[in-house]
Structures are given as C-alpha cells and as structure tokens.
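**Student:** Okay, sequence plus prediction incoming.
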Amino acid sequence: MLQEYSAKYPSLTFVHSYPGTVRTSLLSSSDSTWLRVASPVVTPLLRPFSSSYQDCGEYMLHGMLSNREGFFRMGSQGEDLGMKRFFGSDDARKKLWEHTVDATRVSSS
C-alpha cells in the first residue's frame, strides 16, 4: 500500500517500520488477569530480546529522519531493510490499491 502511495506522490516519504519487541507496561496494565499475573515472570525473560521504549523511539525517529523520498522499510534499529524478505509483488500491490480505493469510495447518492 505504501509503495503505491509512493508511486503516486514521489516527493513524499513513506516508511513501514518494524520496531521489534519493546518493553512497555502492556502486560502489567492489561485488563486480563492472566497477563497481569504472568507479567513479572514474562517481562524479565523478554528483556534480552527487547528494547526500551526510549531506545525504540530514538531508532524509529533516526530512521524516519533519514531524508529519503519514496518508500522504504525500516528494521528494529532504524536500519533500511530494502526489499530483503519482502514477499509482495507488483500485481498484488496494484490489486490491493484497487480494492482499497473501491472499498473506501464514498457514494454520492
């Protein structure tokens, strides 16, 4: 979808980012009793595989401010992923765009 926007508006920047696992209070403040109970056990186990929300914000901001035009994909540390592990095709992108335009069309009647 962002690729199609980029093709239509080439002077703008469109970023798809994957921040990875970010340490937040999501588990401990959950409405689910099970998640709140599991939080003290699960959160320390995820620590080596996660980043603080401050670091994540810095990585994402750095990646977005790289002053590139067009479409690009950004990894968990703000790095440009290029098209590595991208599974879309031009045909699928066009079909998604047409479907989205059709589904969001506002009727004038």
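**Tutor:** Good, I have the coordinates.
**Student:** Burial check on residue 95, number of neighbours?
**Tutor:** The criterion is other Cβ atoms under 10 Å. On that basis, residue 95 has 11 neighbouring residues. Every residue, glycine included, has its C-beta placed from N, CA and C.
**Student:** ok, for residue 70, nearest residue in space, not its chain neighbours?
**Tutor:** Nearest residue to residue 70, sequence neighbours excluded (Cβ to Cβ, 6 or more residues apart in numbering): residue 6, at 4.8 Å.
**Student:** can you pull the contacts of that neighbour?
**Tutor:** Contacts were defined as Cβ atoms under 8 Å, 6 or more residues apart in numbering; by that measure residue 6 touches 12, 14, 70-71.
**Student:** can you pull the contacts of residue 38?
**Tutor:** Residues in contact with residue 38 (Cβ under 8 Å, 6+ apart) are residue 27.
**Student:** For it, which three-state class applies?
**Tutor:** Using DSSP: H, G, I helix; E, B strand; the rest coil, the structure places residue 38 in helix.
**Student:** Look at residue 76 and report its pLDDT.
**Tutor:** Turning to residue 76, the model gives it a pLDDT of 86.
**Student:** With the one 5 residues further on instead?
**Tutor:** Per-residue confidence at residue 81 stands at 81 (pLDDT).
**Student:** and if you look at the one 3 residues further on?
**Tutor:** Reading off the confidence values, residue 84 has pLDDT 75.
**Student:** Once you drop chain neighbours, what's closest to residue 50?
**Tutor:** Spatially, and ignoring its direct neighbours in sequence, residue 50 is nearest to residue 21 (4.0 Å; Cβ to Cβ, 6+ apart).
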